Structures are given as C-alpha cells and as structure tokens.
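Enquirer: using only what follows, build the 3D model:
(4 chains)
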Number of protein chains: 2
Amino acid sequence: MAIVDRKLREKAEMRSRILESAKALFAEDGFQNVSIRKIAEKIEYSPATIYLYFQDKDAILFALHNEGFRDLFTRQKHQAKIADPVARLRGLLEGYLEFALQEPEYYDLMFMLFTPLPKIIKTAEWRYGRRAYRMLVKTVAECQAKGHMMNTSTDAAALGLWGAVHGIASLLIRQRASMLPADKQADIAREATLMLENHLLPFPADAGLHS
Amino acid sequence: MAIVDRKLREKAEMRSRILESAKALFAEDGFQNVSIRKIAEKIEYSPATIYLYFQDKDAILFALHNEGFRDLFTRQKHQAKIADPVARLRGLLEGYLEFALQEPEYYDLMFMLFTPLPKIIKTAEWRYGRRAYRMLVKTVAECQAKGHMMNTSTDAAALGLWGAVHGIASLLIRQRASMLPADKQADIAREATLMLENHLLPFPADAGLHS
DNA sequence: AAGTCCCTCTGAACAACGTTTACTAATAGA
DNA sequence: TCTATTAGTAAACGTTGTTCAGAGGGACTT
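Expert: Numbering: from 1, shown residues only, chains lettered A, B, ... in the order given. Next up, the predicted model:
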C-alpha cells in the first residue's frame, strides 16, 4: 500500500501548499483582495484545482483560522504549567498579547473577520477555541478562590480580562491607535496590559500599589 | 434662487436615501454581501446613479463611518459635563459600551472593518474620532492627577481602558463569546466593564474593595 | 500487454460584482 | 423658442467565486 500512502501524502502536500500561499497573500493584501485566481497562479495550478482541496474560499480561511487557534493553544500549554494561578493568568494574558503582536495576520483572521463566520464556528470543529476559553475560565476561578476579583461572576471576570487584552490588540492591528507613534505602539500595549494586571491581579507584594 | 435651493435639497435627500438604504442592507447582510446593484434596487434607481453621489462603494462606508462617530461624540458630550473626573471617565466608558450594544451595525463599521480604511482615515476629516480620543486622554490625565493609575503613562492608561471596553464589545459583536448564553451577554459585558472600573477607578467609598 | 478504471487537473463557461462611458431626457436661464 | 446644464440610465468592461464536461495519465485487472 505504499502507493496509496504516497497519494495521501501528495494530497496533504498540495493542501498545505495552498494554505501557505493563501496565508502569505492574505497577509500582504487582506482576505478580500486575494482572489482564488491569484492563489492558483502562485501555486502554478489552475483555479479549478483549488476546489478539489477546499470547498470554497471561506474554507481556506477557516483552515487558517484553525491553524491559528492551534498555535495559540500550543503557546498556552506552556503557561498552563505555572502553579500559582495568579502568575499563570498573567502569563496567559501576556502570551495572548504577544501572539497578537507577533502573528497579526493570524490574529486578524481569527478574531476580526466577518459576521458570516459564526455559522462555521458552530458546525465545524471549533475545538481549540473552546479549549483555550475553558483554560482561561478555570484559571480565573482559581484566582477568585484566592481572593481576586471577588465581587464579579467568573464569566464576567473572564470576559473582562480576555476582552481587555483582545481590545488592546485589536486597536493596534486595525490601526485605530494611529494617534500613537507607530514604533511605540507595542510597548504602550504591553504597559497597558501590565496596568490591568497590576490592578486586577496584584501579586502579594503589590498589594499596596492600587489606584 | 429658490430653485437652486430646491436642487441642493434634492441632492442631499438623495444622498441620505442612499445612506439609509445602505446602512439597513449592511446591517442585515454585512458590507461584503451588499452590492451597489442591491442598494440601487432598494432606492429604485439604476446602479450608475449611485456614482453621481458617491465616488465608490468605500465612500458610502466612510460616510456611515463618520455618521457613527458623530453619534458617539454627541453621546460623549453629555458625559463630558460631569465635574468629577472619575465619574466622568466611568460615564465615558459605560456610554461607549452602551453605544456598541445599541448600535452594533455602526460599531462594526467604525472599528472592525478592513485594513484599507486607515488610508481614508488619515486623509479625510477624521475629526470626530480624534476629538473623542482627546476627550478620553484629558479625562484619564485628570484621574491620574487625583491619584488613579499612577504607575502608568497616560497613553497606556487610555489605551488600556479604551481597549478593554472595545474588546468586550468586539467579542460580543463578532460573536466570539458564543459560549455565553445569548440573552445574558449584554449584562455580563456590563458586569465585566464595572469590574474593570471598580479596580482601576475606585470611588472613594470603594477604596477597600480591591482584589 | 492490453484494456479498463479512476483520479487529478484544466479550459471554458456562468452569474454577479464594481465601475465607466456614451447617451437620453428633462429642466433652467437666455 | 433656443441653448446649456443637469439627472439619470443602458450597456459594456474587466474581474470575481464557482461549476462542469472532458482530457490525460498513472493504477489495477485480465
């Protein structure tokens, strides 16, 4: 069965060649401005060939979308090992921000594209996204058990923290923070995240630093 | 000169009829899925007519974009009158969230669309956006003068607060928070915002409530 | 070795898109 | 009444996502 193996391998290779080219083009010109024909030209096949590997243009987007979540989840697995829940939660938030800053194309694809996407998210295997969210909620709950963010429901606390970092990253990526000097934006974003952490998740030593 | 007045009035009416129809269609199907031809059909004119009133499809988007900022800015003017800077800043943040929850179509247009937009933002009259941002920075600075968020630069504090509320709103609007029950999402978002305010901008009476 | 099957790939076509152009019809000012 | 200007349009252009009938060539069976 070596030959069927080879065929499978070739199929997978073609698939990832398409994804690779698509990602590069999306990053350069944006999803809207990349046509199937351009992707086809880049991989040196006819446009129709792409439809043998992906149902439609959205399916390519969704595959990259999933790759991005897998990447993010992999990063989080490292931080998940931190024993102290406060340090762990801080690690998760900072890791999330760094992911957004380092992989803006993925981030853009994952969190800021279209309204039609949710249909796909519900039907398809949205595993990595849900897993990442569960890890966040669990860590938030542990922090609350240690006395942090006591007057807030776990859901609201998780949404607030996630939203805060997500929002900071989004403003930079969608260039809504253009009033800040371009070369300082990343550092200001890190400082902003630190501020939120220091007020919401003070280390014991910081206890007196509030407000 | 009554007749030139009438002509001007008719021109303005046509313009706002196009905008009105476009906004309704965008809200229903999303910007990408609305064609010039569909807008033309809705106003019962030929597609080419639209190009007598707007340079291209993006210009329609930008006009709505500006309308949205004007709306947001009008809301903020009410809150700007609050004397106490802490109460004022809280009012601004909560007003921003309510705007996002009440006018998700505008919000989507204003903050979550495309990368190509920035070109327009820089060249055209982006007045309302900048004005709103200046008001935020000024209020943050006043809060810092009163002892809040002392260990953070004003830029980072402003970005953090704005980003936090923006992020919470974005996750709801782009349906990334679908793990939360749909009918509770708005309230959880409000609770999350309150949590951030209570930790970052405590009223004197809340001073002991942290962490 | 020949014949059959299947599977990958493609050219050509389709409908819909944003936009431009050349034109018509109507109105305003002389 | 004649002319200039304007609002509106039909038709076309090039491009888009997508489909489909068919070509070509390896892989199995005999």
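Enquirer: so for chain A, which residue is the most central one in space?
Expert: By C-alpha atoms, centre = their mean, chain A has its centre lying nearest to residue A:107, at 4.7 Å.
Enquirer: what about it, which SS state?
Expert: Counting by DSSP: H, G, I helix; E, B strand; the rest coil, the backbone at residue A:107 sits in helix.
Enquirer: spatially nearest residue to it (excluding sequence neighbours)?
Expert: With C-beta to C-beta, 6 or more residues apart in numbering or on different chains as the criterion, residue A:107 has its nearest non-adjacent residue at 4.5 Å, and that residue is residue A:100. (C-beta placed from N, C-alpha, C; glycine too.)
Enquirer: I'd assumed residue A:173 was in contact with that neighbour.
Expert: Yes: in this structure, residue A:100 is within contact of residue A:173 by C-beta atoms under 8 Å, at 6.7 Å.
Enquirer: point out where chain A drops to low pLDDT.
Expert: By pLDDT under 70, the weakly predicted segments of chain A are A:1, A:112-126, A:205-211.
Enquirer: repeat that with 80
Expert: For chain A, the stretches flagged by pLDDT under 80 are A:1-4, A:111-129, A:175, A:204-211.
Enquirer: neighbour count: residue A:100 and residue A:173, which is higher?
Expert: Neighbours were counted for residue A:100 and for residue A:173 using other C-beta atoms under 10 Å in any protein chain shown; residue A:100 has more, 24 against 19.
Enquirer: residue contacts, the more buried one?
Expert: A:107, A:165, A:166, A:169, A:172, A:173 (C-beta atoms under 8 Å, 6 or more residues apart in numbering or on different chains).
Enquirer: what do you get if the cut-off is 7 Å, keeping everything else the same?
Expert: By C-beta atoms under 7 Å, 6 or more residues apart in numbering or on different chains, the residues touching residue A:100 are A:107, A:169, A:173.
Enquirer: tell me the secondary structure for it?
Expert: helix.
Enquirer: if I look at it, how far off is residue B:44?
Expert: Using C-beta to C-beta, to the nearest Å, one obtains 45 Å as the distance from residue A:100 to residue B:44.
Enquirer: also residue A:31?
Expert: 33 Å.
Enquirer: more neighbours: which of these two?
Expert: Neighbours per residue, other C-beta under 10 Å: of residue A:31 and residue B:44, the larger number sits with residue A:31, 22 against 9.
Enquirer: wait, that one sits on residue A:60?
Expert: No: Residue A:31 is not in contact with residue A:60 according to C-beta atoms under 7 Å; the separation is 9.2 Å.
Enquirer: residue A:191: what's it in contact with?
Expert: Here residue A:191 is in contact with B:152, B:153, B:156 (C-beta under 7 Å, 6+ apart).
Enquirer: and the lengthiest helix in chain A, what's buried?
Expert: Longest helix of chain A, by residue count under DSSP state H: helix A:2-29. Residues of helix A:2-29 classed as buried: A:14, A:17, A:18, A:19, A:21, A:22, A:23, A:25, A:26, A:27 (neighbour count, 16 or more other C-beta atoms under 10 Å in any protein chain shown).
Enquirer: reformat those as CSV; add distance to chain B.
Expert: Listed next are these as CSV, based on distance: C-beta to the nearest C-beta, whole Å:
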residue, distance to chain B
A:14, 28
A:17, 25
A:18, 22
A:19, 21
A:21, 19
A:22, 17
A:23, 15
A:25, 14
A:26, 11
A:27, 10
